[in-house]
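Novice: predicted model, plus sequence, below.
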Amino acid sequence: MPEESPAPESPPESPLIRSLRTAVAAAPGDIPLRLHLAELLLSTGLHDAAVTEAAAALQHAPGDAAARELMVRAMGMPAPPAPPAPIEPADPVAGRDVSSRPSGFDWRAAEQEVDGIVEPRFVEPPLGVDGSGDPGDADAWEVSAPGVVRLADVGGMQEVKDRLEAAFLAPMRNPELRRLYGKSLRGGLLLYGPPGCGKTFIARAVAGELGAGFLSVSVNDVLDMWIGNSERNMHEVFETARRQAPCVVFLDELDALGAKRSRTQHSGMRNTVNQLLTELDGIDSAANEGVFVLAATNVPWDVDLALRRPGRLDRTLLVLPPDAPAREAILRYHLRERPIEAVDLGRLVKATDGLSGADLAHVCESAAESALLDSARTGVIRMIGTKDLLDAAKSVVPSTEPWFAAARNVAMFANEGGMYDDLVTYLKKRRKL
């Protein structure tokens, strides 16, 4: 088999190019300087580097004609053809019929000759399935099929399940009672609490209980650098959910998507919050039928108050660190495929009081790491025991403590209208208030 010839090496950079690179790094917004560097790179055969610099210039100045022309040359693309010169009428005298043509020229034959060569001036884009004019919008958001996760799969946390059932799920499961009492098939629920305590998993379990699709949305999915695109993305999220109802729209990190507008300096972010309010209200009373909105945040006090008004995310649920049954279920889950021996799960559950679900996963990981290192040193496989897990639990600082430190101040001084009564009750029970 013939050997493949090695790829040609790029020519080395000259001292002048290196100096220009230093100058561009010091002034990244200097477009002429960056284009001069790109021209030198292109002239020395460094096409890829020239493309990189031209792209950086276009990021700073999207409409710069010189940067666009240099990008075309660096990529080896043919220059766009010049527009055809306009055909002057045979007789430009005012009032003369300019549509008349010399009798000796066959215009129809000329049109057939250039047919297919001259591009049309305007091309109408195909409409999307929703008539928006953007064929990509229909598939921009992926809705997960109704999952198999149910609330029964959430270990412990019975109080949270009971609150969900009473405030959210029961009206949705009983259509006859819903019609009797005039309850709309709409819902908005805000899950809040310390990080790592299972708010996203609970949201998926709610979608499973409702037999609804699940559409998870984060700030990265919505926010866009171009004006108007963030609002359009938010609208498309809800349009997708309406088309595929019943559907649960899960707004993750709501404090980023719906931050208080009074604290937001950027007008684009304020417009995005306004668009979210519009979508929650629906175009009319039936627009959001079958669309259930769940949101999660670690800092509900940073969420715009308008989002929590009646008819929007007007119900809240505090999701606290897992209780004893939940901790046992989480520990069993993370130890199920690890080599364990004679683990006293009861002692471990007591020793991990106050840890979040993420902390418990870290405890199991640390214990497994300790046993693995001992096995590597001795050459004898050692099982994970109770001591490994208890030692790991002692070394883990609860990740929820900073959250409770901030929440304590909110519960004491900013509990307007009893918004955080559940939090106050928990802090008093734990003697943290």
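Specialist: Arrived safely, thanks for sending.

Novice: alpha carbons only for contacts and neighbour counts from here, please
Specialist: OK.

Novice: pLDDT weak spots in this structure?
Specialist: Applying pLDDT under 70 to the chain flags the ranges 1-12, 75-105, 111-140, 147, 167, 184-187, 283-286, 432-433.

Novice: ok, the closest residue to residue 256 other than its chain neighbours to residue 251 distance?
Specialist: Leaving out its chain neighbours, the residue that sits closest to residue 256 by C-alpha to C-alpha, 6 or more residues apart in numbering is residue 219, at 6.3 Å. Residue 219 is 8 Å from residue 251, where distance means C-alpha to C-alpha, to the nearest Å.

Novice: neighbour count for those two, which is higher?
Specialist: For residue 219 and residue 251, the more surrounded residue by other C-alpha atoms under 10 Å is residue 251, and the numbers stand at 23 against 16.

Novice: would you list the phi and psi of the more buried one?
Specialist: Here is the backbone geometry of residue 251 (degrees, to the nearest 10): phi -90, psi 100.

Novice: repeat that for the one 3 residues further on.
Specialist: Comment: the main-chain dihedrals of residue 254 come out as phi -60, psi -30, following degrees, to the nearest 10.

Novice: correct me, but it touches residue 296?
Specialist: Yes - contact status for residue 254 versus residue 296: in contact at 5.9 Å, counting by C-alpha atoms under 8 Å.

Novice: follow-up on the earlier one: got any residues that touch both of residue 219 and residue 251?
Specialist: residue 257 (C-alpha atoms under 8 Å, 6 or more residues apart in numbering).

Novice: quick one on the thing from earlier: contacting residues for the residue nearest to residue 256?
Specialist: Under the criterion of C-alpha under 8 Å, 6+ apart, the neighbours of residue 219 are 252, 253, 256, 257.

Novice: same check, this time on residue 35
Specialist: Counting by C-alpha under 8 Å, 6+ apart, residue 35 has contacts 53, 54, 57, 67, 70.

Novice: leaving out the residues flanking it, which one is nearest to the third one?
Specialist: Spatial nearest neighbour of residue 57, chain neighbours left out: residue 31 (5.8 Å); criterion: C-alpha to C-alpha, 6+ apart.

Novice: quick check: the one you found vs residue 226, distance?
Specialist: From residue 31 to residue 226 the distance is 20 Å (C-alpha to C-alpha).

Novice: okay, those two: which has more neighbours?
Specialist: Remark: of residue 31 and residue 226, residue 31 carries more neighbours, 21 against 8, as counted by other C-alpha under 10 Å.

Novice: which positions in the strand or helix carrying residue 24 come out as buried?
Specialist: Using DSSP states H and E, residue 24 sits in helix 15-26. Buried residues in helix 15-26, counted by 16 or more other C-alpha atoms under 10 Å: 17, 20, 21, 24.

Novice: and what of stretch 29-46?
Specialist: 31, 33-42, 44, 46.

Novice: what of stretch 301-310?
Specialist: Using 16+ other C-alpha under 10 Å as the test for burial, stretch 301-310 gives 301, 302, 303, 304, 306, 307, 308.

Novice: turn those into a markdown table, including secondary structure.
Specialist: Below are the buried residues of stretch 301-310 laid out as a markdown table (DSSP: H, G, I helix; E, B strand; the rest coil):
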| residue | secondary structure |
| --- | --- |
| 301 | helix |
| 302 | helix |
| 303 | strand |
| 304 | coil |
| 306 | helix |
| 307 | helix |
| 308 | helix |
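
Novice: how about those in a markdown table, adding distance to residue 383?
Specialist: Formatted as a markdown table, these follow (distance: C-alpha to C-alpha, whole Å):
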| residue | distance to residue 383 |
| --- | --- |
| 301 | 46 |
| 302 | 46 |
| 303 | 47 |
| 304 | 51 |
| 306 | 54 |
| 307 | 51 |
| 308 | 50 |
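
Novice: need the residues that contact the longest helix seen in the chain.
Specialist: Counting residues, the longest helix found in the chain (DSSP state H) is helix 357-378. Residues from elsewhere that reach helix 357-378 (C-alpha under 8 Å, 6+ apart): 196-198, 321-322, 327, 330-331, 334-335, 338, 352, 381-384, 388-389, 391-393, 396, 398-399.

Novice: now, those residues that are in helices?
Specialist: Judged by DSSP H, the subset of the contacts of helix 357-378 located in helices is 327, 330, 331, 334, 335, 388, 389, 391, 392, 393.

Novice: of these, just the buried ones, ChimeraX syntax please.
Specialist: Those of the ones in helices among the contacts of helix 357-378 that count as buried under 16+ other C-alpha under 10 Å are selected in ChimeraX with:
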select :327,330,331,388,389,392,393
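
Novice: which one of the ones in helices among the contacts of helix 357-378 is nearest residue 344?
Specialist: residue 389 (9.5 Å; C-alpha to C-alpha).

Novice: now do the contacts for the closest one.
Specialist: Residue 389 sits next to 348, 363, 364, 366, 367 when contact means C-alpha under 8 Å, 6+ apart.

Novice: still on that earlier bit, let's see if you can find the most crowded of the contacts of residue 219.
Specialist: The most crowded member of these, judged by other C-alpha under 10 Å, is residue 257 (23 neighbours).

Novice: surely that one and residue 218 touch.
Specialist: Yes - under the criterion of C-alpha under 8 Å, residue 257 makes contact with residue 218 at 7.5 Å.

Novice: if we can go back for a sec, then the helix holding residue 24 to CSV, C-alphas only?
Specialist: The C-alpha trace of helix 15-26 is given here as CSV (Å, rounded to 0.1, in the frame of the first residue of the first chain):
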residue,chain,number,x,y,z
PRO,A,15,8.7,38.9,12.8
LEU,A,16,6.4,41.6,11.3
ILE,A,17,3.4,39.3,11.6
ARG,A,18,4.3,38.4,15.2
SER,A,19,4.6,42.1,16.0
LEU,A,20,1.2,42.8,14.4
ARG,A,21,-0.4,40.0,16.4
THR,A,22,0.9,41.6,19.6
ALA,A,23,-0.6,44.9,18.5
VAL,A,24,-3.9,43.4,17.6
ALA,A,25,-4.1,41.6,21.0
ALA,A,26,-3.6,44.9,22.7
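
Novice: please state the offset of the helix or strand following it from the chain centre?
Specialist: Beyond helix 15-26 in the direction of the C-terminus, DSSP H and E gives the next helix or strand as helix 31-43. From the chain centre to the centre of helix 31-43 is a distance of 36 Å (C-alpha atoms, centre = their mean, to the nearest Å).
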